[in-house]
Every structure is written in structure tokens, then in C-alpha cells.
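Novice: sequence plus the predicted model coming up.
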Amino acid sequence: MLEIANQSVIIHGNSLTIEEVVQVARHYKNVDLAEESCRKVNHTRKYVEKLLQEKKVVYGLTTGFGKFSDTYISPEDTKALQLNLIRSHSCGIGAPLPEDVVRAILLLRINALSLGYSGIRLEVIRLMVEMLNRNVVPVIPEKGSLGASGDLAPLSHMVLVLIGEGEAYYQGQRMPGAGALAKAGLTPIVLEAKEGLALINGTQVMTAVGTLACWDALNLANWADCAAALTCEALRAVKEAFDPATHIVRPHKGQKQVADNIRHLTAGSRLMTHQGELRVQDAYSLRCTPQVHGASRDALAYIAEKLEIEINSATDNPLIFPDEEKVISGGNFHGQPIALAMDHLSISAAELANISERRIERMVNPHLNEGLPPFLAKNGGLQSGFMIAQYAAAAVVSENKSLAHPASVDSIPSSGNQEDHVSMGTIGARKAKQIVDNAYAVLAIELLCGAQAIDFRSPQQPGQGTKWLYDRCREQVAFVDADRVLSGDFAVIAEWMKEPGVLEELFALVPFHTYKS
């Protein structure tokens, strides 16, 4: 992961990266609008005002919304129409989305509007930029979006704060939106024609949740290879399974990358074995790690590609093309491209945890662990060691299997059957985030079991990369020489795994394929 630079992220509308979203959302990097984006926004707004002067019938400008798209709205009612839209659509349910997700939502909405196809005034976008830079974070309930006419309900809660309503966090305190703006030195705006619709008609909630979850999953994939390498040494795995010759003849990119990573991490190991030394071949959870982890890596690369397209897209309706003098009512707000990607993300992360739990079982099971103490306990019988650690991992893996059922295969028509197919992409994104978090917990357990097993294998030495991994784990959590509460240890390792830059030292020590390789 890159260091956070001091300069702002410049918003062009078409060049934002996943990593920049993370920098802004989690590390409070400032943003600013490119001059060209400002020009485009102003140019489109002038065309919108021309349409209003000519009293053209245009969806969202001079008509109602959804099923009311055939109802004409007079110019004098335009501001009331936009205000009513935001208030009526603020139907969110449940706990607030995390602050980093809301910051990402603000950023992605700014980026989409900066493309200049939405017809919104520049001053509205500038207010959103200042809210982001001064960390005014709207309170947005996590549930209530169907992910098709955009993320209407949650984005409406975001817009409430722009107009001085709703609630927001400022300097860690939850307060009325108007108060948060005032404390930050900002003034609410009054929505004009098209602006309410432009602000809420888009896929930015599902995309924000998905972008952060995908970033975490890309990091998780690196840790999965690390944990698997340590487990391979703990269980004295057969190294030929990672020989390049096997993976060249089935040339999936991710599979080859994982085999390379495990081979490089375990280079110089005195614990890995050759075919026939202890056994001819290992169980699938060891031998097929490149194939399983690799498939998840390939899926994550696809998901990241789809997210980077989406975060740089115009996704509201109607879209305005002033140079062609066109206003097109289309369907770019439909979340299906992200919905399918989020379901794929859920499955990919769930599988990294699934195979990890099987490796945990092999380390603690005395019938499978090649001479290690039962349940990795120093004094088995009196002590239970990691017996219930495997239970906990199995429980989380089972939960993931339920969560991984695809959200995108469901659809419930809405808005008088005008919106008769919806994506459920925001539900899929939220589930994916939960699965990724669960997977970190499982891999944390595997790392601790691996480190415990390596201690029992002493004085036989691990490889160069796995030795670094073992040493860093032991800096976080001590050897379990007597039964203790392990849940805190799991949490320490899981949070450590999520810290930015932790693996950079390892990447400098041994060759390692990451997302950008």
C-alpha cells in the first residue's frame, strides 16, 4: 500500500482509483475539483437553465419521479419538487453506515457529478467537497436501497445534510445536520431544478461499500497466501505441489501467483518436504491452495476492474448532453454490474476463509497434524489449547456460506411496477463486507495456529518469508503455554492484518505477487 501523499486528490470524474478512494475515505486525504470538471459542470447547467426557460417537458426537471414521470410540474413548484423528493425518499432503516463508507459515498458522488452530465450547479458540488475536506459525515442508515433507481434512500439521507436537515457526525459527535454544517463553517444549499434527483440517482452507496470491501479483500488474499505458507511448514507439506511446472500447464494468472508466493515465502525452509519423504501428496487444503486462492485472486481482479469503471461513471437519470442538445432518460442507475460483482466478491472471500478453516483443522487434529500435540496444547487433557479456536473458525465459515447466497438473483418490483427489475446490489455489497471481515477472523486463527505449531517444530527452521511472518506474529501475540482467553488474541491479529503497510517489509524481503503485480 502506498504512503498517503500530502497533495489533494484532484477530481476529474474519470480517473479516480480504488486506492485513492481508500486514501480519502480512511486516511482523510483532501480532494479538489479539476478546472476542466468545473467548466463542464457550468456548461451543462447553462443548458438546463435554457430548457427551464423554454418550459420543455423533461423528466426530473419539469415532471414528477418514477410513476409520476408523466405529471408536469410548473416552474414555480420546481424547488418544492426537489425538496419533497429528498424528504420523501429518506426512508433508510437500521444502523448508520460506517464513517469511512459515508466519506467514500460523498467522494464517489462528487466524482460522478464532476463528469458534467447531471445538470447540477457547481456550488452544490463544492459544498460536498468542503463537507468531505472538513469531515462533516452524514448519518446514513445502512438499509433501504433496492440498488436499481440508484441508491435512492441512503443517498437522500446524505442530501438531507446538504440542505441543513438530517443528522451528521462532526468531530466525532452526532448532531443535527444544520449544526454540523455551522460548526464546520458551511452553509446549507437550496436545491434547484434537477439537483435533488441528480444527487440521489446513482450507485454510489453500493459502490462505496464494495470498493472498500474489495480493497480489504485484496489485502486478505495476500494474507491468505502468507497463512497458508506458514501452515504448509507446520504440517510439513510436500513442496512439489508449488513447482512452477504444474502451474505453467494450467496458466490461470492467480494460480501461478499463489504458487510463486508460497514457494518464495518458504524458500530455505527446513520444514517443507519432498514427495515420498513423509508422504507422496498432501490433502487438498494444502496441495490445492494455488488453485483455490488463485481463483479468488482472479475474481478479485475482475471485481476491482468493474469497480474502477463504476466509480468513474455517470449513473444518474436523466443524463444531459448539452453539446448535442440531448436529454436522455436511460438506465445507468441500475446496479446490476456491481450487484453481480459483489456476489462474486462474497463467494471469493468466503472461499479464502473456507479453505483456511480446513487447514486449521489439520493443525489441531491429532489424526492429521503430523506429530504436533493434540489441539496444539502444551499439556493436552489438562489444557484444551486451540480446540475451540477451530470451532469458532467453523462457525464463522458457516455464517459466510449463508451470507454468500447471491443477492442479485432476487428482484421485487417497485414504484407502481415502473421499476420492475432491481439489482439488490447494495444488499450484496453489505454482505460482501461482512464476509470479508469474517474471513480476516478465520485467517487470524490460522496464523496463530501456524505460529504455535512452528514453536512445537523448533529447532527446525521455517523459510525466510515465513520466519518474518512468525516473528511478527509473535510480536503481537505470545506463545500459548497455558489455556487463556483467545478471543482477544484473534482480534489483535485480525486488526494488525488490516493495518496499512504491514506487509511492505515482507514484500521487500521476498518476491511476492500482489494485486498490482
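Specialist: Received it, and whenever you're ready, just let me know what you need. Residues are numbered from 1 along each chain as shown.
Novice: report back the residue of the protein that's furthest from centre.
Specialist: For the chain, the residue at maximal distance from the C-alpha centroid (C-alpha atoms, centre = their mean) is residue 54, at 44.5 Å.
Novice: number of nearby residues for residue 384?
Specialist: The local packing of residue 384 (other C-beta atoms under 10 Å) involves 14 other residues. Bear in mind the C-beta positions are built from the backbone N, C-alpha and C, glycine included.
Novice: that one and residue 394, how far apart?
Specialist: 15 Å (C-beta to C-beta, to the nearest Å).
Novice: then residue 302?
Specialist: Going from residue 302 to residue 394 by C-beta to C-beta gives 29 Å.
Novice: try residue 141
Specialist: Separation of residue 141 from residue 394 (C-beta to C-beta): 32 Å.
Novice: longest single helix anywhere in the protein?
Specialist: In the chain, assigned by DSSP state H, the helix with the most residues is helix 425-457.
Novice: what's the first helix or strand after that one?
Specialist: Note on helix 425-457: by DSSP states H and E, the next helix or strand toward the C-terminus is helix 464-476.
Novice: orientation of that following helix relative to helix 425-457 in degrees?
Specialist: 100 degrees (axes from the mean of the first three to the mean of the last three C-alpha atoms, to 10 degrees).
Novice: starting at the chain centroid, how far to the following helix or strand past helix 464-476?
Specialist: Moving toward the C-terminus from helix 464-476, the next helix or strand (DSSP H and E) is helix 487-498. Offset of helix 487-498 from its chain centre (C-alpha atoms, centre = their mean, to the nearest Å): 19 Å.
Novice: also stretch 109-128?
Specialist: The answer for stretch 109-128 is 24 Å, by C-alpha atoms, centre = their mean.
Novice: how about it, which residues are buried there?
Specialist: 109-122, 124-128 (16 or more other C-beta atoms under 10 Å).
Novice: same thing with stretch 217-235?
Specialist: 217-235.
Novice: in the stretch 301-450 of the chain, which spans are strands?
Specialist: Applying DSSP state E, counting those that start in this stretch to the stretch 301-450 of the chain gives strands spanning 319-321, 326-328.
Novice: ugh, typo on my part, it should be the stretch 151-300 of the chain
Specialist: 167-170, 173-176.
Novice: how close does residue 352 get to residue 390?
Specialist: Applying C-beta to C-beta to residue 352 and residue 390 gives a distance of 17 Å.
Novice: more neighbours: which of the two?
Specialist: Relative neighbour count places residue 352 above the other of residue 352 and residue 390, with 29 against 22, counting by other C-beta under 10 Å.
Novice: touching, the more buried one and residue 295? I think so.
Specialist: No: counting by C-beta atoms under 8 Å, residue 352 stays clear of residue 295, with 9.9 Å between them.
Novice: and for these two, which residues touch both?
Specialist: The contact sets of residue 352 and residue 295 do not overlap (C-beta atoms under 8 Å, 6 or more residues apart in numbering).
Novice: local confidence estimate at the spatially most central residue of the chain?
Specialist: The residue lying closest to the centre of the chain (C-alpha atoms, centre = their mean) is residue 213, at 1.5 Å. According to the prediction, residue 213 has pLDDT 98.
Novice: measure stretch 184-200 end to end?
Specialist: End-to-end distance for stretch 184-200, by C-alpha to C-alpha, to the nearest Å: 23 Å.
Novice: swap that for stretch 58-74, please
Specialist: Using C-alpha to C-alpha, the two ends of stretch 58-74 sit 12 Å apart.
Novice: what's the angle from the longest helix of the chain to helix 487-498?
Specialist: Going by the same axes, to 10 degrees, helix 425-457 makes 110 degrees with helix 487-498.
Novice: quick one: buried residues of helix 425-457?
Specialist: Quick answer for helix 425-457 (16+ other C-beta under 10 Å): 425-455, 457.
Novice: what about residue 93, how many residues close to it?
Specialist: Neighbours around residue 93, by other C-beta under 10 Å: 11.
Novice: so it is in contact with residue 143, correct?
Specialist: Yes: with contact defined as C-beta under 8 Å, residue 93 reaches residue 143; the gap is 4.3 Å.
Novice: if we can go back for a sec, so of the strands of the stretch 151-300 of the chain, which one's packed in deepest?
Specialist: Among the strands of the stretch 151-300 of the chain, strand 167-170 has the highest mean neighbour count (mean count of other C-beta atoms under 10 Å), at a mean of 21.
Novice: show me what it is packed up against.
Specialist: With contacts taken as 3 or more C-beta pairs under 8 Å, 6 or more residues apart in numbering; DSSP states H and E, strand 167-170 sits against strand 136-138, helix 152-162, strand 173-176, helix 177-183.
Novice: repeat that with 7 Å
Specialist: Judged by 3 or more C-beta pairs under 7 Å, 6 or more residues apart in numbering; DSSP states H and E, the packing partners of strand 167-170 are strand 136-138, strand 173-176, helix 177-183.
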